[in-house]
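Novice: This is a predicted model, with the sequence first.
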Amino acid sequence: MNYPINIPSIAHIHPPLANNPNVLNVPVMQGVFSSKAAGDPLDMYAVRESEETVQTLAGSRRRLPQVINDDVVETAKNRVHLLRETHAAVEFGLQPGLAGIQQFLQGQFDQLRQQFNARFDEQQAMMYNIRIVSRNQRDIHSPHRPLQKYIPGDGNALAAPLAVNAALAQTIQEFQPHGIVGTVPPQFNPDVDAYQHIDILRLVVFYNDDFGILPGDQLPERKRKIRNWLMEHLV
């Protein structure tokens, strides 16, 4: 009996683990490097090893918070489930329908990889924003630098109740920038004093963030909250 799909290691999904000496040089951590290739003989010890790896990682979060976070532990747990499902499919004679099972299991793992990549992009944007906010605070007489988008999706639903009239509400609902995490608004205007309501609402939609703006806030207050966001956000 053989594995019908590739089951990558935890370190493959979370590359920083592979470069950290606190993981590389610790025997009990070696489970993060275990992987199975399609065609490998079914390994009955693999599930037990993967369960022990979950316990090891969960117990190491406080000691290595920069390397082992909740995402790493969740990946380890999901790998246990994937191994169990694969073993069950093979051991209980489901080979006739294995093509569908293989597609399903591979799809599940691909989805986990996509979720990790999305979370990684969000965290990278947040780290970048910390540096930008620090620069904006330090260079108070220079134009504000824009922060990177780190919340996925457009914020039309957030902008709708902030529109001050029906025409503005319609205009902003038609504005769909489909901003990508890690990018900044095209043609960002650093002169917040020159902003009108439409400029602020476009930022709300792009960033998918209302910046703490309330429906009753007048334009000067909305500008103040935008400035605060550029100068204080994430610090």
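Specialist: In hand now; what should we look at?

Novice: Only alpha carbons, please: show stretch 3-13 as PDB.
Specialist: Output of stretch 3-13 as PDB, limited to C-alpha atoms (Å, rounded to 0.1, in the frame of the first residue of the first chain):
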ATOM      1  CA  TYR A   3       0.600   7.100  -0.500                       C
ATOM      2  CA  PRO A   4      -1.600   8.300  -3.400                       C
ATOM      3  CA  ILE A   5      -0.600  12.000  -2.900                       C
ATOM      4  CA  ASN A   6       2.300  14.100  -1.800                       C
ATOM      5  CA  ILE A   7       2.000  15.200   1.900                       C
ATOM      6  CA  PRO A   8       4.600  17.900   2.300                       C
ATOM      7  CA  SER A   9       6.400  18.600   5.600                       C
ATOM      8  CA  ILE A  10       5.400  21.400   8.000                       C
ATOM      9  CA  ALA A  11       8.700  23.100   7.200                       C
ATOM     10  CA  HIS A  12       7.700  23.100   3.500                       C
ATOM     11  CA  ILE A  13       4.600  25.100   4.400                       C
END
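
Novice: how far does the lengthiest helix in the chain sit from the chain's center?
Specialist: Using DSSP state H, we find that the single longest helix of the chain is helix 98-138. Distance of helix 98-138 from the chain centroid (Cα atoms, centre = their mean, to the nearest Å) equals 4 Å.

Novice: Equivalent analysis for stretch 30-37, please.
Specialist: 24 Å.

Novice: Can you list the buried residues in that stretch?
Specialist: 31, 32, 34, 36 (16 or more other Cβ atoms under 10 Å). C-beta: built from backbone N, CA, C; applies to glycine.

Novice: which residues touch the residue nearest to residue 44 when sequence neighbours are not counted?
Specialist: Excluding the flanking residues, the one nearest residue 44 by Cβ to Cβ, 6 or more residues apart in numbering is residue 87, at 7.8 Å. Going by Cβ atoms under 8 Å, 6 or more residues apart in numbering, residue 87 touches 42, 44, 46, 47.
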